[in-house]
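In: structure for this input, please:
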Amino acid sequence: MIVEQAADARARDVQELVRQKSQSKEKALKDLLSFCEKIDKTSDGMLSIGKVMGAYKRSAVFRELMTAMGMTNPALQGIFQIADPKCTGLIDYHSFSSELFHLKCRDLSMLLVQLRFNMQATQDMLKEITPQLEELAKQDQMFSAQVNVLDHKREQLVLSATLGKTQEENLPEATLQEIGARPAAQTPW
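Out: Got it, this is the predicted structure:
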């Protein structure tokens, strides 16, 4: 009998804790939605990343709310990008708030969001620098070709000096000008 009463009391306590936690979550979600409504100056239900990040920087209330949900600046940016897969720069803040809230409840999901954000940021950075790397590779090839030409011309000069001939007898005029052995001829016009 005493054991049963203790088990019943424990079950009621657990139910009460679940109810309180649920109410706390609902209040936090309402607070988040209320804050989003305040920063939505156009009242269209949409927020830009600038508005969200500006609120994070300027509003202690929003920052505390995000901190309580375990959101940091980079995580918030990542969630925004995931909530905006078409990269429109705008998100529906009802969906955004719900997504934030659900992610808070699933720590593993939050880690995946952060990982996805970091991967996307890395891919974006690679897309940005790939053309630059390709250009550098082309320049490297051009410089290598020029070095090969100059090495060949240097070998010709060494060979002609070894054989006792003058540079002018063995090398064309353009080659002598390229290596700086003779100035370029001036055109009269």
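
In: quick check: mean pLDDT across the helix ranked longest in the chain?
Out: The helix spanning the most residues in the chain, taking DSSP state H as the definition, is helix 107-162. In this model, helix 107-162 carries a mean pLDDT of 85.

In: next: stretch 77-96.
Out: The model assigns stretch 77-96 a mean pLDDT of 81.

In: just the buried positions in that stretch, please.
Out: Buried positions in stretch 77-96, judged by neighbour count with 16 or more other Cβ atoms under 10 Å: 77-84, 90-93, 96. All C-beta atoms are positioned from the backbone trio N, CA, C, and that covers glycine.

In: okay, now the domains of the chain?
Out: 2-105, 130-178 (automatic domain parsing).

In: I'd like the ones you listed as TSV, with distance to A121 appended.
Out: Listed next are the domains of the chain as TSV, based on distance: least, Cβ to Cβ, whole Å:
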stretch	distance to A121
domain 2-105	8
domain 130-178	15
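
In: of all those domains, which lies closest to L115?
Out: domain 2-105 (8.8 Å; Cβ to Cβ).

In: about what we covered before: highest mean neighbour count out of the domains of the chain?
Out: Stretch with highest mean neighbour count among these: domain 2-105 (a mean of 14; mean count of other Cβ atoms under 10 Å).

In: which residue is nearest the middle of the protein?
Out: A121 (2.4 Å; Cα atoms, centre = their mean).

In: the longest helix of the chain - contacts with which helices or strands?
Out: When contacts are defined as 3 or more Cβ pairs under 8 Å, 6 or more residues apart in numbering; DSSP states H and E, helix 107-162 packs onto helix 73-83, helix 93-105, helix 167-170, helix 173-178.

In: can you name the residues that contact the residue lying closest to F96 once chain neighbours are set aside?
Out: In space, and not counting its chain neighbours, F96 is closest to A83: 5.2 Å by Cβ to Cβ, 6 or more residues apart in numbering. Contact analysis of A83 by Cβ atoms under 8 Å, 6 or more residues apart in numbering lists I91, S95, F96, E99.

In: now, which of these sits nearest E134?
Out: I91 (34.3 Å).

In: which SS class is T88?
Out: What DSSP: H, G, I helix; E, B strand; the rest coil gives for T88 is coil.
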